[in-house]
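J.: the following block contains a protein sequence and its predicted model.
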Amino acid sequence: MRPTEQRPKEKRPVTVRLAAWSARHPWRALAGWLAFVVLCLGVGLAAGTHQATAEDHRVGEAGRAETLAAEAGLGHEPVEQVLISARSGPLEEAAARAAVRDVTARMRKLPEVARVAPPVRSADGGALRVPVIMKGAEADADDHVAPLAAQTAAVQRSHPHLRVAETGSPSVSVGVDTQRGQDLALSEAITLPVTLLTLLAVFGSALMVAVPLLLALTSIAAAIGLSMTVSHVLPDAGVGASIILLIGMAVGVDYTLFYLKREREERARAGGRLGPEALVELAAATSGRAVVVSGLAVVVSTATLYLATDVIFSSLATSTVIVVLAAVLSSLTALPALLVKIAQRAERRAARRERRRPVRRERRTGRRPAQRVRPDGTGRIWRALLRPASAHPARALCLAVLLMLGLAAPALGMQLRVLNKDSHSREIPALRTYDRLTTAFPDLRVQHQIVVRAPAAHAPEVAAALREAGARTHSDPLYATDATPPLRTSRDRRTTTMDVATPHKVSSPEALTSLDRLRTDYLPATVGKVPGAEFAVSGDVAHDTDYLAHQNEKLPLVVGALLLVTFLMTALVFRSVVIGLVGVALNLLSAAAAFGLVVIFFQHGLASTLFGFDTAATSAIGSRVPLFLFVILFGLSMDYQVFVVSRIREAALRGVPTREAVLHGVGASAKVVTSAAAVMVTVFASYMFLHLAEMKQIGFSLAVAVLLDAFVIRVVILPSALILLGRASWWPSRTMRRAQG
């Protein structure tokens, strides 16, 4: 054979070469993958996780105010409030004072405590609060609040006839983190058994069920280790583990199913004439390529979240990118090795059974006869589901698109809100105490921090202007009027702060109006007249307002980039501008329908009626939910798009007319798409039963979007559109035009 005749073999895609090597050296491939997972975990655990700091979360005017205050040493001190009240009836004076003395004495002994302020009595006399000011920065207080909680519990035991409880930003943050960890454990407990049952129904073999789960779990483990290491470059905002588990289980099983499905098809088609290594190579040449393309599509689309220049979105993007790449790598290395070992084991068992069996020669050659496979690979149910697209594509397309647009319509009334203390689960003890505290002391609900920086020579003018602004708020019903707001001035006299309270909830219209009035009316009319003075307002309301404005500002950039990269990737992969445009349109339709449903269920309260969710979690949509969902849904939709269209293109390249190629491609991928969708829906739906409102909304939206994508988009709209487009679907690909004659 001439050397030139060997070149095509040498130019095999890297996916095939990698799978072929793993198939020929299965133990080495498996050992290499496990070593990679252990190395990632080991390095990650040694490096630890670098959490995002307060500086990483700063945006807008609120962020500028926090920076000015921090540079002057006037940042908010971490404060825990110990609330003392009667269990029933009026609060006894002597008992309350004894409890206050006990709290004060215990807290002062703690090295974490800077000072204990005098007790404050509520307006109705029914409660006392003891402010405990902690040492260090507010962002670090979460790590040091446990000793304070222990002392508060000890006081409660010493005064059982009273109710003694502690709350504050540090203890609330710890409570939310603890609940998040419990939620993750619950999600795993729900997801794994249901995933096992789904895969068992698909494969009918416990051994084959173990393969997708094993690869998904090891991919998640590797991703967790890698994310710890990467966090020292891109800080983790506390959402990394949740996203890695959510996305890792879904795509890990998804990619494995794509590969397994194709390997089984090739085995059935070969009828025993090919060995396990050759079958793996055939699967790698088709599904292996689809897995890589799907994974890269998810990575590229998710990477557009970095354009939001927000630490939380960057953390979400980093976690998703890492776990998807880990899942792709496992499917290209460990999966071919596992498939070869499982096939070899099956052959040995078959050989042993043959030897034990009485001598009986049937009409066969020594290998099993080829299994009969239906040409289109479609079962009776799926043929029925595809019949509308096949028989009446125009009518099916119109009706399905109208259905999706109808589901999407409520999204036009979507109300976004930064979810905060008002929307967290009240199963957290610190939040129940917070509710009692703010009921007794409404002025503690919202604090606007005004920060002014000016030349030191103008410090007296700044102080006078702030007092004038405080006097204006004192006569305004939007603000607390019980006390004159105190001033704090830095040592260099260049920075002055003043806290203004409003007795309304953080997300209330009154709180938002009070912030707007400060920024646009009171401060420009007072502090704004001081020469050389710059001012900014921070606080919970200011931070939420500026964060939402920052997201809205970045939204067009992220969405535009996402649409562009999705179109370019699809068009390049399939050499078709039309397929690229169709893919973008279908993804938009799927995302819009999911948004409409999340508005109906959460904003309009249907989820509370059907599932008994807290109304606090269903009054508005979390501000981060739409953008995150939009990006992730585009990425996940590419999984199905690439897998289904790849099968259609394979048939079309063999000269099959577009209509038959579409029906064959959709039908041949029907079972695996359904199975993958079932696993994804299970994983995502489990997040609906978590406590965090945003995770409920994300889980619900992803679950319904995957269902719509699998059973409406890929079964009705996509085949109908491609059948109507015919040969134009592949424009401007010359290869496809030649294949289609």
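T.: Done, it's in. Numbers count the residues shown, from 1 in each chain.
J.: what residues of the host helix or strand of Arg157 count as buried?
T.: Under the criterion of DSSP states H and E, Arg157 resides in helix 146-158. Neighbour-count burial for helix 146-158, with 16 or more other C-beta atoms under 10 Å as criterion, is recorded at 148-149, 151-152, 155-156. All C-beta atoms are positioned from the backbone trio N, CA, C, and that covers glycine.
J.: contacts for the very next helix or strand once past that helix, please.
T.: Using DSSP H and E, the helix or strand that follows helix 146-158 in sequence is strand 162-167. Strand 162-167 is contacted by residues 80-87, 91, 95-96, 99, 103, 148-149, 152, 155-156, 429-434, 436-437 when judged by C-beta atoms under 8 Å, 6 or more residues apart in numbering.
J.: which one of the buried residues of helix 146-158 is nearest Ile220?
T.: Ala149 (32.1 Å; C-beta to C-beta).
J.: okay, now the residue lying closest to the closest one once chain neighbours are set aside: neighbour count?
T.: Leaving out its chain neighbours, the residue that sits closest to Ala149 by C-beta to C-beta, 6 or more residues apart in numbering is Glu166, at 5.8 Å. Glu166: 28 surrounding residues under other C-beta atoms under 10 Å.
J.: for Thr67, see how far away Glu166 is.
T.: 30 Å (C-beta to C-beta, to the nearest Å).
J.: the helix or strand containing Leu217 packs against which elements?
T.: Applying DSSP H and E as the criterion places Leu217 in helix 206-230. Using 3 or more C-beta pairs under 8 Å, 6 or more residues apart in numbering; DSSP states H and E, the elements in contact with helix 206-230 are helix 26-47, helix 169-203, helix 240-270, helix 311-356.
J.: per-residue confidence at Phe611?
T.: Looking at Phe611, its pLDDT reads 62.
J.: what bridges to Val451?
T.: Thr497, Ala536 (DSSP bridges).
J.: how many neighbours does it have?
T.: Neighbour tally, Val451, other C-beta under 10 Å: 27.
J.: and the helices and strands packed on helix 206-230, which is most packed in?
T.: Each of the helices and strands packed on helix 206-230 was scored by mean neighbour count; the highest is helix 240-270, a mean of 24, by mean count of other C-beta atoms under 10 Å.
J.: roughly how far is it from the heart of the chain?
T.: Put simply, helix 240-270 sits 20 Å off its chain's centre (C-alpha atoms, centre = their mean, to the nearest Å).
J.: so which elements touch the following helix or strand past it?
T.: As assigned by DSSP H and E, the chain's next helix or strand after helix 240-270 is helix 276-283. The contact analysis (3+ C-beta pairs under 8 Å, 6+ apart) places helix 276-283 against helix 14-24, helix 240-270, helix 311-356.
J.: redo these as TSV? Include distance to Pro732 and mean pLDDT.
T.: Below are the helices and strands packed on helix 276-283 laid out as TSV (distance: least, C-beta to C-beta, whole Å; pLDDT from 0 to 100):
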stretch	distance to Pro732	mean pLDDT
helix 14-24	26	84
helix 240-270	28	80
helix 311-356	29	84
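J.: list phi and psi for Ala127.
T.: Backbone torsions of Ala127, given as degrees, to the nearest 10, read phi -150, psi 150.
J.: correction: the previous question concerned Leu110.
T.: The phi/psi pair for Leu110 (degrees, to the nearest 10) is phi -80, psi 140.
J.: check contacts around it.
T.: 147-148, 151.
J.: repeat that for 10 Å
T.: The contact partners of Leu110, taken as C-beta atoms under 10 Å, 6 or more residues apart in numbering, are 116, 132, 134-135, 144, 147-148, 150-151.
J.: how close does the residue nearest the centre of the chain get to Ala308?
T.: Geometric centre of the chain, nearest residue: Ile243, 4.6 Å, by C-alpha atoms, centre = their mean. Distance from Ile243 to Ala308, counting by C-beta to C-beta: 15 Å.
J.: try Gly583
T.: 23 Å.
J.: got the angle for the helix or strand containing Leu431 vs helix 169-203?
T.: Using DSSP H and E, Leu431 sits in helix 429-440. Angle of helix 429-440 versus helix 169-203, following axes from the mean of the first three to the mean of the last three C-alpha atoms, to 10 degrees, is 130 degrees.
J.: would you verify that Leu74 is located in a helix?
T.: No - Leu74 is assigned coil when assessed by DSSP: H, G, I helix; E, B strand; the rest coil, not a helix.
J.: show the pLDDT at the closest residue to Val311 other than its chain neighbours.
T.: Distances taken as C-beta to C-beta, 6+ apart place Asp56 nearest to Val311, at 4.2 Å, with adjacent residues excluded. We have a pLDDT of 82 for Asp56.
J.: same question, the one 10 residues further on
T.: Looking at Glu66, its pLDDT reads 90.
J.: hang on, it packs against Val451?
T.: Yes - Glu66 sits in contact with Val451 when judged by C-beta atoms under 10 Å, with a separation of 7.9 Å.
J.: now for these two: what residues contact both?
T.: Here Glu66 and Val451 have 75, 536, 538 as joint contacts, going by C-beta under 10 Å, 6+ apart.
J.: so the residue nearest to the last one when sequence neighbours are not counted is in which element?
T.: The one in question is Ser538. Spatial nearest neighbour of Ser538, excluding adjacent residues (C-beta to C-beta, 6+ apart): Ala65 at 3.6 Å. Element membership of Ala65, judged by DSSP H and E, is helix 60-71.
J.: next SSE after that helix?
T.: Following helix 60-71 in sequence, per DSSP H and E, is strand 79-86.
J.: for that following strand, buried residues please.
T.: Here strand 79-86 shows 79-85 as buried, counting by 16+ other C-beta under 10 Å.
J.: could you do stretch 127-141 as well?
T.: Buried residues in stretch 127-141 (16+ other C-beta under 10 Å): 127-132, 134, 138-139, 141.
J.: Arg129: what secondary structure?
T.: strand.
J.: list the residues that contact it.
T.: Contact analysis of Arg129 by C-beta under 10 Å, 6+ apart lists 81-85, 100, 117, 119-122, 167, 437, 440-441, 444.
J.: tell me the one of the residues you listed nearest Met569?
T.: Closest approach to Met569 among the contacts of Arg129 (C-beta to C-beta): Thr167, at 48.9 Å.
J.: for the closest one, give its distance to Lys135.
T.: Distance check for Thr167 against Lys135: by C-beta to C-beta, it reads 19 Å.
J.: over to His76?
T.: 13 Å.
J.: now do Leu515
T.: Per C-beta to C-beta, Leu515 is found 30 Å from Lys135.
J.: contacting residues for Ile381?
T.: 670-671, 674.
J.: from those residues, which would you call buried?
T.: Neighbour-count burial (16+ other C-beta under 10 Å) is assigned, among the contacts of Ile381, to 670-671, 674.
J.: so which of the shared contacts of Glu66 and Val451 wins on neighbours?
T.: Going by other C-beta under 10 Å, Ser538 tops the shared contacts of Glu66 and Val451 with 28 neighbours.
J.: so where is the stretch 551-700 of the chain shaky, pLDDT-wise?
T.: 608-619 (pLDDT under 70).
J.: what segments of it are helices?
T.: Listed in chain order, the helices of the stretch 551-700 of the chain (DSSP state H, counting those that start in this stretch) span 577-598, 606-611, 625-653, 658-668, 670-686, 693-708.
J.: list the buried residues in the first one.
T.: What it means is helix 577-598. 578-580, 582-584, 586-598.
J.: for stretch 301-313, buried residues please.
T.: Those would be 301-308, 310-313, for stretch 301-313 by 16+ other C-beta under 10 Å.
J.: much appreciated, bye for now.
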